[in-house]
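**Student:** Sequence first, predicted coordinates after that:
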Amino acid sequence: MKILIIDGDREVQAMLQSILHLSGYKVITTSTLEEAVDLCNCNVRGDKVGDKIDLVLMDLALSVGEVKGSDALADYKKIKSHKKFKNTPVIMMTGITDMDEIDEAFHQESIDYITKPIRKVDLIGRVRSVLSMKSEMDSRQAREKKLLEVTRKLEEAVQNLEQLSSYDALTGIANRRYFDKYLKLMWNRCSEDELELSLLMIDLDFFKDFNDTYGHQSGDSCLQEVASAFQSFFKVTGSLVCRYGGEEFAVILPDTAGDKALTLAEEARHQIEQLMIPHRMSSISDHVTVSIGLATTVPSEDVEIDSAMKLIDYADKALYMAKGQGRNQVMSYEEMKCYQRIPKSS
């Protein structure tokens, strides 16, 4: 271990250095605190000296004149304020005879000190005691640092697992698991704030025929392109685009009225058409298209759609109506009910 001695008396420096060296310690000597700081900022064989200091022995009488307890406290705070010595234990050496004053000053800050003239047995005993405590503290801090690092990595792993379990591996957007959690969250929020909540259920038209014709790799690329388009298009605050399953997507639109959701859905449908993904087996277009079902509710007020599950069910029913009416279109649940009221012609 390396000890730094700060003492203006060269003879004291030599005496302390000799005692400590014979006891197996490496010793560096300086006459002033400023010299010590300069030394620690210098490189010795490529290493920072300050990074190796394990203990500082510092004389109180570094300045001319009578040294009082308050001066001792100031000297101690001065050296401890320097980043090089922040975590380095310091033993103050003093020849002050008024022990009541110096003892009071030292105990306020729990400062360790040794009185002059310094006896070898006292010096070695005090140094070993302080270094033993430092070693124990260093070990404890290392364990705590390691524990913090392990905890951080564990938390990071949990977050990564949570993210992996919440997002679709193929498209990179939210999956069904996250959709269920988020819809419940938005349902409760819109219920508390008496806001409208809209849900879109989206299905790629004739996607099985697409896969059978172009192959599953092309089918995967199609899903990725459609998912990316939806993700880029839906920018409503709090909105969520997810892959609901297979070729089906869902979009949660909190604080979005039915008419606005209908407009967004129609624009999104058009966006997919504009991708111009070839689909020669579609009976309605030469390119990939989507059908969209929409349902809107105010969770705190709607008697008919009184749960998140019913919101999904009604949006799904509207989707199937859109598909039944010819696909490549948007159908709201309210519009679907109007269709159902129209009597069939005889």
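**Tutor:** Everything's here; your move. Residues are numbered from 1 along each chain as shown.
**Student:** which residues touch S31?
**Tutor:** I6, D7, G8, R10, Q13 (Cβ atoms under 8 Å, 6 or more residues apart in numbering). Heads up, the C-betas are built off the backbone N, CA and C, glycines and all.
**Student:** Give the next helix or strand downstream of the helix or strand hosting K153.
**Tutor:** Element membership for K153 (DSSP states H and E) is helix 120-166. Using DSSP H and E, the next helix or strand after helix 120-166 towards the C-terminus is helix 176-193.
**Student:** Who are the packing partners of that following helix?
**Tutor:** Packing partners of helix 176-193 (3 or more Cβ pairs under 8 Å, 6 or more residues apart in numbering; DSSP states H and E): helix 120-166, strand 197-204, strand 240-245, strand 248-254, helix 308-324.
**Student:** Of these, flag the one that's most buried.
**Tutor:** strand 197-204 (a mean of 26; mean count of other Cβ atoms under 10 Å).
**Student:** how far away is the nearest residue to T289 once chain neighbours are set aside from M186?
**Tutor:** Of all residues not flanking T289 in the chain, N328 sits nearest, at 3.9 Å (Cβ to Cβ, 6 or more residues apart in numbering). Counting by Cβ to Cβ, to the nearest Å, the gap from N328 to M186 is 28 Å.
**Student:** Where in this protein is the helix or strand with the lowest mean pLDDT?
**Tutor:** strand 43-44 (a mean of 46; mean pLDDT, DSSP states H and E).
**Student:** sorry, back to before: which pair of the contacts of S31 spans the longest distance?
**Tutor:** I6 and R10 (12.5 Å; Cβ to Cβ).
**Student:** more neighbours, the two?
**Tutor:** I6 (26 against 10; other Cβ atoms under 10 Å).
**Student:** Dig out what that one forms beta bridges with.
**Tutor:** On the basis of DSSP bridges, I6 is bridged to T30, M58.
**Student:** quick one: it and L33 touch, right?
**Tutor:** Yes: using Cβ atoms under 8 Å, I6 makes contact with L33 at a distance of 6.0 Å.
**Student:** circling back: so what does the residue nearest to T289 look like in phi/psi?
**Tutor:** Phi and psi for N328, reported as degrees, to the nearest 10, are phi 50, psi 50.
**Student:** What's the local residue count around it?
**Tutor:** 20.
**Student:** got a list of what Q141 touches?
**Tutor:** By Cβ under 8 Å, 6+ apart, Q141 has no neighbours at all.
**Student:** no wait, D205
**Tutor:** S282, I284, S285, V288, T289, V290, S291, K323, R327, N328.
**Student:** so how far is I292 from it?
**Tutor:** In terms of Cβ to Cβ, D205 sits 11 Å off from I292.
**Student:** Repeat that for G238.
**Tutor:** 19 Å.
**Student:** Which of the two has more residues huddled nearby?
**Tutor:** I292 (28 against 16).
**Student:** quick check, that one in a helix?
**Tutor:** No: under DSSP: H, G, I helix; E, B strand; the rest coil, I292 sits outside any helix and is assigned strand.
**Student:** what sits opposite it in the beta ladder?
**Tutor:** I202, V330.
**Student:** My guess is it contacts M331. True?
**Tutor:** Yes: here I292 reaches M331: they are 7.2 Å apart, a contact under Cβ under 8 Å.
**Student:** how far away is the closest residue to A257 other than its chain neighbours from Q13?
**Tutor:** Distances taken as Cβ to Cβ, 6+ apart place E196 nearest to A257, at 5.1 Å, with adjacent residues excluded. Separation of E196 from Q13 (Cβ to Cβ): 82 Å.
**Student:** same deal with G125?
**Tutor:** 20 Å.
**Student:** confidence score at T256?
**Tutor:** pLDDT for T256: 95.
**Student:** I'd assumed it was in a strand, is it?
**Tutor:** No: remark: T256 does not belong to a strand; assigned using three-state DSSP, it is coil.
**Student:** List the residues that contact the closest residue to it other than its chain neighbours.
**Tutor:** What sits nearest to T256 in space, not counting adjacent residues and going by Cβ to Cβ, 6+ apart, is S198, at 4.5 Å. Applying Cβ under 8 Å, 6+ apart, we find S198 in contact with I252, L253, T256, A257, G258, K260, A261, L294, A295, T296.
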